[in-house]
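Asker: no letters, just coordinates:
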Ligand code: SF4
Ligand code: SF4
Ligand code: SF4
């Protein structure tokens, strides 16, 4: 490639990374649900770790995205890290701001902490293969970025939206509507905030250190890039040893003294190419590298240890589960049922969900009824931050399948709306003595009125009073009855999860109640 074309690489990278950064951010900052699931799918298909997980169970646009990233890395190295990864661009923004504050700030070659990075990567792979995503959830860049936005920036947007809505309401203008705000507990909020602080600290003090010490995508791509066809190298003949390339290398991977580049650590920012006054830093293909002894790439024999450790993230077959998870649930076991989180339709089983969800919270931010909530340890320590259906806050819309369409990791697999309407994620349980009809001798039919499949019907009880009657074969576990039930502190009707999702019987509903988008206020 000619010199002018090479120097243009940095500008192209800058524009592409900015475009992806904005697009990915918008997915998590859309409380109005204006972005279509199809568009979301195309954008998230290029996120390495979620795509790797998803391909185990589903092939589609994600598969093409994954193949593209792998081929790109085999051809040109870790371009993903510099252009497609949102945490990568976030680090670049911090580095850029730091340079604005301290104009003399320069990078310097540092040996990459390979041993620790790959040990972490191997540990993380073993955990993931064994079915625990804990480590993956803590370090995977896309999910961490998603959580930062979903739990910190999106609530701010909603507050601003609601503030504007209230002001406009005073002037009888109602085109901006109020959006319900999810309550997030401090312990759940603490993790994205701590991660954000860590990223700012690491990139401010040592450039792209996160990419070369903690990031699982970085470790995997570092291994692949060892075999890249084109590598950034220093041409000894052209190099005048000015050290300009080392000073701008945010991955600290250029040792200008020895004229070596550690390409496995190079995140493909192309700063070095642009900074070199003598065209001494070039992209060289295998042929050129083999033909010329004056092209220098880093080749530490220590790293050969990892040569055979490209471990694909593979999940063993899912364990056989019991049909329903009723263990420990007593007759009045509302609280016990709440201790067993319900996973979204399309997630097949709790085990499938837990072993693949990277807790990116894209489903949380996209769910129009806001029934999906992040949890801390509701699924256990190995299900850290994974979302559940929270019927205290809302219910799962019978006509909606958004989360099944947008989940990038395959934790929730795509299902069309007719199929989704037959997925039974849980079954209802009715506690007569807690029901308003028996307890207060008052009429109430909230649960039956809001059940979309008529799995709950009112049957004659005493005089004019009617009592709910269940047909769990029709129940989908959507939680509409539980959410509508007015009893406190326990709900008289509530959903117990199915550890393995089942199929409900198709209801004979002639005219279903329309359920508008957004949170619906029940009459209680
Ligand atoms: S060697 Fe350093 S400066 Fe050059 S592209 Fe790689 S990370 Fe960027
Ligand atoms: S289930 Fe939700 S939080 Fe988990 S990976 Fe899928 S979209 Fe992200
Ligand atoms: S299917 Fe249910 S849980 Fe999923 S996004 Fe729609 S309403 Fe939310």
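Answerer: Happy to help now that I have it. Everything numeric here is computed off the predicted structure, so don't read it as measured data. Residues are numbered from 1 along each chain as shown. Ligands and ions are numbered 1, 2, ... in the order given.
Asker: tell me the helices and strands packed up against the lengthiest strand in the chain.
Answerer: Identified as the longest strand of the chain according to DSSP state E is strand 493-503. Applying 3 or more CB pairs under 8 Å, 6 or more residues apart in numbering; DSSP states H and E, we find strand 493-503 packed against helix 334-338, helix 350-356, strand 423-430, helix 480-484. Every residue, glycine included, has its C-beta placed from N, CA and C.
Asker: these: which one's closest to residue 408?
Answerer: Of all the helices and strands packed on strand 493-503, the one in closest proximity to residue 408, counting by CB to CB, is helix 350-356 (10.2 Å).
Asker: and the helix or strand that the closest one is followed by, anywhere near ligand 2?
Answerer: Next in sequence after helix 350-356, counting helices and strands by DSSP states H and E, comes helix 362-366. Yes. Judged by CB under 6 Å from any ligand atom, helix 362-366 and ligand 2 are in contact via 362, 363.
Asker: what mean pLDDT does helix 362-366 get?
Answerer: Averaging pLDDT along helix 362-366 yields 96.
Asker: so what strands line up beside whichever helix or strand comes after it?
Answerer: Per DSSP H and E, the first helix or strand lying C-terminal to helix 362-366 is strand 372-374. According to DSSP bridges, strand 372-374 forms sheet pairs with strand 387-389 (antiparallel).
Asker: what residues does the strand it pairs with touch?
Answerer: 341-344, 357, 359, 361, 363-364, 371-375, 378-379, 396, 425, 479 (CB atoms under 8 Å, 6 or more residues apart in numbering).
Asker: near ligand 3, which residues of this structure?
Answerer: Within the chain, the positions near ligand 3 by CB under 6 Å from any ligand atom are 344, 345, 367, 369, 371, 372, 396, 397, 400, 401, 402, 403.
Asker: who's the nearest residue to the second one once chain neighbours are set aside bridged to?
Answerer: The one in question is residue 345. Excluding the flanking residues, the one nearest residue 345 by CB to CB, 6 or more residues apart in numbering is residue 423, at 4.2 Å. Counting by DSSP bridges, residue 423 is bridged to residue 503.
Asker: which residues touch residue 423?
Answerer: 345, 346, 415, 476, 501, 502, 503, 504.
Asker: and of those, the nearest to ligand 1?
Answerer: residue 346 (39.3 Å; CB to the nearest ligand atom).
Asker: what helices and strands are in contact with the longest helix belonging to the chain?
Answerer: What stands out as the longest helix in the chain, according to DSSP state H, is helix 3-28. In terms of contacts (3+ CB pairs under 8 Å, 6+ apart), helix 3-28 is packed against helix 37-44, helix 79-83, helix 86-101, helix 141-148, helix 271-275, strand 281-284, helix 362-366.
Asker: how much space separates the closest residue to ligand 3 within the stretch 51-200 of the chain from ligand 2?
Answerer: Residue nearest to ligand 3 within the stretch 51-200 of the chain (CB to the nearest ligand atom): residue 182, separated by 12.4 Å. From residue 182 across to ligand 2, the span is 14 Å (CB to the nearest ligand atom, to the nearest Å).
Asker: name all residues that make contact with the residue nearest to that residue when sequence neighbours are not counted.
Answerer: Excluding its sequence neighbours, the residue lying closest to residue 182 (CB to CB, 6+ apart) is residue 370, at 5.8 Å. Applying CB under 8 Å, 6+ apart to residue 370 gives the contacts 180, 182, 393, 394, 519.
Asker: residue 422 too?
Answerer: Contacts for residue 422 (CB under 8 Å, 6+ apart) come out as 476, 503, 504, 505, 506.
Asker: residue 420 is in contact with residue 477, correct?
Answerer: No. Using CB atoms under 8 Å, residue 477 makes no contact with residue 420, being 11.9 Å away.
Asker: narrow the contacts of residue 423 to those that are buried.
Answerer: 345, 346, 415, 476, 501, 502, 504 (16 or more other CB atoms under 10 Å).
Asker: can you give me the pLDDT of residue 329?
Answerer: Residue 329 is given a pLDDT of 42.
Asker: hmm, back to that, may I have the phi/psi pair for the residue of the stretch 51-200 of the chain closest to ligand 3?
Answerer: For residue 182, the backbone dihedrals are phi -70, psi 140 (criterion: degrees, to the nearest 10).
Asker: next one: it from residue 268, what distance?
Answerer: Residue 182 sits 37 Å away from residue 268, going by CB to CB, to the nearest Å.
Asker: do the same with residue 157
Answerer: Plainly put, residue 157 is 32 Å away from residue 268 if you go by CB to CB.
Asker: so which of the two has more stuff around it?
Answerer: residue 268 (24 against 16; other CB atoms under 10 Å).
Asker: contacting residues for the residue most central in space within the chain?
Answerer: By CA atoms, centre = their mean, the chain has its centre lying nearest to residue 360, at 2.0 Å. Counting by CB under 8 Å, 6+ apart, residue 360 touches 50, 140, 142, 143, 146, 147, 408, 409.
Asker: redo the contacts of residue 422 as a markdown table? Include pLDDT and distance to ligand 1.
Answerer: Listed next are the contacts of residue 422 as a markdown table, based on pLDDT from 0 to 100; distance: CB to the nearest ligand atom, whole Å:
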| residue | pLDDT | distance to ligand 1 |
| --- | --- | --- |
| 476 | 97 | 51 |
| 503 | 94 | 52 |
| 504 | 94 | 53 |
| 505 | 93 | 58 |
| 506 | 91 | 57 |
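Asker: any weak-confidence spans in the stretch 351-500 of the chain?
Answerer: By pLDDT under 70, the stretch 351-500 of the chain has no low-scoring segment.
Asker: residues in it within reach of ligand 2, list them.
Answerer: Close to ligand 2, as judged by CB under 6 Å from any ligand atom, the stretch 351-500 of the chain has residues 357-363, 386-387, 407, 409, 411-412.
Asker: now with 5 Å, please.
Answerer: Within the stretch 351-500 of the chain, the positions near ligand 2 by CB under 5 Å from any ligand atom are 357, 358, 360, 362, 363, 407, 409, 411, 412.
Asker: just name the closest of those to residue 449, please.
Answerer: residue 363 (27.7 Å).
Asker: test my guess that that closest one contacts residue 344.
Answerer: Yes. Counting by CB under 8 Å, residue 363 does reach residue 344; the two are 6.5 Å apart.
Asker: hey, what's in contact with both of the two?
Answerer: 372, 387, 403, 412.
Asker: what about residue 60, neighbour count?
Answerer: Quick note: residue 60 (other CB under 10 Å) scores 12 neighbours.
Asker: and it, what does it touch?
Answerer: 41, 414.
Asker: please report how far it lies from residue 73.
Answerer: 21 Å.
Asker: repeat for residue 128
Answerer: Distance of residue 128 to residue 73, given as CB to CB: 20 Å.
Asker: and these two? Which one has more around it.
Answerer: When residue 128 is set against residue 73 and neighbours are counted by other CB under 10 Å, the residue ahead is residue 128, at 26 against 23.
Asker: go ahead and confirm the more buried one touches residue 138.
Answerer: No. Applying CB under 8 Å as the test, residue 128 and residue 138 come out as separate, 12.0 Å apart.
Asker: pull the number of nearby residues for residue 464.
Answerer: Counted with other CB under 10 Å, residue 464 comes out at 7.
Asker: thought it was touching residue 443?
Answerer: Yes. Counting by CB under 8 Å, residue 443 is a contact partner of residue 464 at 7.1 Å.
Asker: helix/strand/coil for residue 468?
Answerer: Under DSSP: H, G, I helix; E, B strand; the rest coil, residue 468 falls in the strand class.
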